[in-house]
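> just to be clear, the model below is a prediction. Sequence and coordinates:
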Amino acid sequence: METSHALITNDAVVLGLLLAILAFVFKTSSSNHPGLRKFYGIIPMLLLCYFLPSLLNTFNIVDGEHSQLYFVASRFLLPACLILLTLSVDLKEIARLGYKPVLMFLTGTIGVILGGPLAILIVSMFNPDLIGGAGPEAVWRGMTTVAGSWIGGGANQAAMYEVFSPSNTLFGIMITVDIIVAEVWMAFLLLGIGRKDAIDRFFKADASAVDHLQKKMEEYSKSISRTPTTTDLMVMLGIAFAATGVSHLLADVFAPYIQAHAPYLAKFSLTSKFFWLIVIATTIGVVLSFTKAREYEGAGASKIGTVFIFILVATIGMKMDIRSLGDHPGLFMVGGIWMLIHIILLVIVGKAIRAPYFFLAIGSKANIGGAASAPVLAAAFHPALAPVGVLLAVFGYVLGTYGAWLCGILMQSVAP
């Protein structure tokens, strides 16, 4: 077993550090101090919740690679928070958002599929060696794993690793490219939230449907709002984690069964336990929204879900190493060009259909980030909008492997 050289290796201590950072960010971001208000008017607090934990890993204070906190947060807290966030979802109101969010999501998917081969073509014009290689070291093979991650998520990325078999070294480099480029784009998306009105004016967008959904969810929350009792808190945690347990139980049945009896469905992520975990948890949350359980929103269900999701955000940030930006600059350039194509396509289609910035941001993040970060970004607009991010991200998992496979075939055909 590889020994960690980090200063702190005890996950209990690391968790304490992460929660202290989150507490500091939340406390300062809600301060009325003029300097802090100006600072957070420029830098979104969510960005700091990613960035500050990344410094712990960058300076070897903690070991984000070997810590089990991300696994715990993504397998236990993520499904629990999805249930709590979708508990009060109003599907009729989400349906009123129309075709635009789905179209922007599909545009993001197409942007990734076409962006990969186009990035290879562009770079090969001036530096073909950079995206060359042969056998398992062929760069296009590694890029297929990024495509899997950017359209779907980790399960789709692992599927592409199995299908196209890049070397472990190349795969490791591409994981870094995937995370860093995606998080840089996430930073820009977050910065855009503070300027969403100006962006909407640029797109000539009508954001009234989004505002209506947000207002209706706020009004519903206020109408049932109450001071939570200990019983309320216990019941909400019981609902969230019992449903998470059921989700794990069923995922442990469905995924191996499909793997054994219909392995060809792997291209739709149906053999991934994580896929089923997210889908089942989201489904349970949506079903509960038709019952009296939705009234627990008044006792703060979405607030507890938000706490869980920010712990997840901190553990994701802790896995980043900022120093890696200086490693393999050429491949980061390829990743940057690829992402730029994805963005340009979103902007073109967004302007053509006059989509609000919210649809562009969520359409992109439901692809690039999946269920772990699409609801985070949606909640940064407003907590009531988090379910929109969740539902679109689920589509990403379904399309991820198929879209990434198509992208891989296209990249192989144009690679030097």
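That came through, no problem. Note that the structure is predicted; figures quoted are calculated from it, not measured.

> so, low pLDDT: which residues of the stretch 101-250 of the chain?
Scanning the stretch 101-250 of the chain for pLDDT under 70 picks out the ranges 154-155, 158-159, 162.

> all helices for it, in order.
Under the criterion DSSP state H, counting those that start in this stretch, the stretch 101-250 of the chain contains helices at 139-151, 154-164, 168-193, 196-203, 208-223, 230-261.

> next, the buried residues of the last one.
Using 16 or more other CB atoms under 10 Å as the burial criterion, the residues of helix 230-261 that qualify are 232, 235-236, 239-240, 243-244, 247-248, 250-251, 254-255, 258. C-beta: built from backbone N, CA, C; applies to glycine.

> what is the nearest of the residues you listed to Phe71?
Closest approach between the buried residues of helix 230-261 and Phe71, by CB to CB: His248, at 12.9 Å.

> any idea how far Met339 is from Ile110?
Applying CB to CB, to the nearest Å, the value for Ile110 to Met339 is 14 Å.

> more neighbours, those two?
Met339 (24 against 18; other CB atoms under 10 Å).

> so which other helices or strands are in contact with the helix or strand hosting Leu47?
Assigned by DSSP states H and E, Leu47 belongs to helix 45-58. Packing contacts for helix 45-58, counted by 3 or more CB pairs under 8 Å, 6 or more residues apart in numbering; DSSP states H and E, involve helix 11-29, helix 168-193, helix 301-318.

> what pLDDT, on average, does that helix get?
Rounded to a whole number, the mean pLDDT of helix 45-58 is 84.

> that helix: what's the following helix or strand?
Using DSSP H and E, the first helix or strand after helix 45-58 is helix 69-72.

> what comes up buried for that next one?
Buried residues in helix 69-72 (16+ other CB under 10 Å): 69-70, 72.

> just stretch 171-182 next, same as before
Neighbour counts over stretch 171-182 (16+ other CB under 10 Å) mark 171, 173-182 as buried.

> ok now it, how far from the chain's centre?
In this view, stretch 171-182 has its centroid 14 Å away from the chain centroid, taken as CA atoms, centre = their mean, to the nearest Å.

> change the start of the numbering to 43 and stick with it
Sounds good: first residue 43 from here, last item stretch 213-224.

> now do the contacts for Val288.
Counting by CB atoms under 8 Å, 6 or more residues apart in numbering, Val288 touches 322, 326.

> that one and Thr187: what is the separation?
Val288 is 31 Å from Thr187, by CB to CB.

> check Val456 too.
Val456 is 18 Å from Thr187, by CB to CB.

> again, but for Phe206
Using CB to CB, Phe206 is found at 8 Å from Thr187.

> so for the two, which sits in the more crowded spot?
Comparing Phe206 with Thr187 by other CB under 10 Å, the one with more neighbours is Thr187, at 27 against 24.

> helices of the stretch 293-442 of the chain, start to end?
315-330, 343-360, 371-394, 399-410, 416-423, 428-456.

> and of those helices, who's closest to Ala62?
helix 343-360 (10.2 Å).

> what mean pLDDT does that closest one get?
Per-residue scores along helix 343-360 average to 85.

> got the buried residues for that helix?
For helix 343-360, a neighbour-count test (16+ other CB under 10 Å) marks 343-344, 346-360 as buried.

> and the angle from it to helix 53-71?
Inter-element angle recorded for helix 343-360 and helix 53-71: 110 degrees (by axes from the mean of the first three to the mean of the last three CA atoms, to 10 degrees).

> in the stretch 293-442 of the chain, where is pLDDT below threshold?
For the stretch 293-442 of the chain (pLDDT under 70), the answer is 309-311, 366-370, 413-414, 440.

> check contacts around Phe93.
Residues near Phe93 by CB under 8 Å, 6+ apart: Gly359.

> where's it relative to Arg79, distance?
According to CB to CB, Phe93 and Arg79 sit 19 Å apart.

> same thing with Ala285?
38 Å.

> same check, this time on Pro398
Taking CB to CB, one finds Pro398 at 26 Å from Arg79.

> neighbour count for those two, which is higher?
In this view Pro398 and Arg79 are compared by other CB under 10 Å, and Pro398 has more residues nearby, 26 against 13.

> the more buried one touches Ala249, doesn't it?
Yes - contact criterion CB atoms under 8 Å: Pro398 and Ala249 qualify, at 3.9 Å.

> what do these two both touch?
238, 242.

> please convert the helices and strands packed on helix 87-100 to JSON lines, extending it with distance to Ile164.
Formatted as JSON lines, the helices and strands packed on helix 87-100 follow (distance: least, CB to CB, whole Å):
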{"stretch": "helix 53-71", "distance to Ile164": "38"}
{"stretch": "helix 210-235", "distance to Ile164": "15"}
{"stretch": "helix 343-360", "distance to Ile164": "30"}
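
> and these: which comes nearest Ile193?
helix 210-235 (11.6 Å).
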